[in-house]
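> Sharing a model prediction with you, sequence too.
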Amino acid sequence: MTKFGELISVDKPVLIDFYADWDEVENSVDTLRDVAAALGDRAKVIKIDIKKNETLADALRVKGNPTFMIYKNGEMKWRQTGYQDANTLIGLVQQYL
């Protein structure tokens, strides 16, 4: 949890993808790579495995897979459960640059 606090307490947007390996949702690593490539160092893009981080997922009430969140300065700005394409995610993160 402490490490999570450090990850989100930065002055640039942090897009987090909470996922589970057992569910092959359309959101792939490629989608997040595209988002990260488009945003460069203006934002962080992080994947967090729900099963390996159950305490964090429970604390954030992550129930669906995938669940996306955008944080900036330690504050949650946006949250959505379900598939999101790269262009949608890029547009959302750009709102917080």
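Yes, it's here.
> My read is that Leu32 contacts Ala38, right?
No - using C-beta atoms under 8 Å, Leu32 makes no contact with Ala38, being 10.7 Å away. Every C-beta, even on glycine, is put in place using the N, C-alpha and C of the backbone.
> The chain: strands as residue ranges?
Here the chain has its strands, by DSSP state E, at 14-19, 44-49, 67-72, 75-81.
> Around the residue nearest to Gly64 when sequence neighbours are not counted, how many other residues sit close by?
Excluding the flanking residues, the one nearest Gly64 by C-beta to C-beta, 6 or more residues apart in numbering is Thr81, at 3.5 Å. Thr81 has 14 neighbouring residues, counting by other C-beta atoms under 10 Å.
> List the residues that contact Thr81.
By C-beta atoms under 8 Å, 6 or more residues apart in numbering, the residues touching Thr81 are Lys63, Gly64, Asn65, Pro66, Thr67, Phe68.
> shaky segments in the protein?
1, 22-28 (pLDDT under 70).
> Quick one: residues in contact with the lengthiest helix in it.
Longest helix of the chain, by residue count under DSSP state H: helix 29-39. The contact list for helix 29-39 (C-beta under 8 Å, 6+ apart) reads Leu15, Asp17, Val45, Lys47, Gln84, Asp85, Ala86, Leu89, Ile90, Val93, Gln94.
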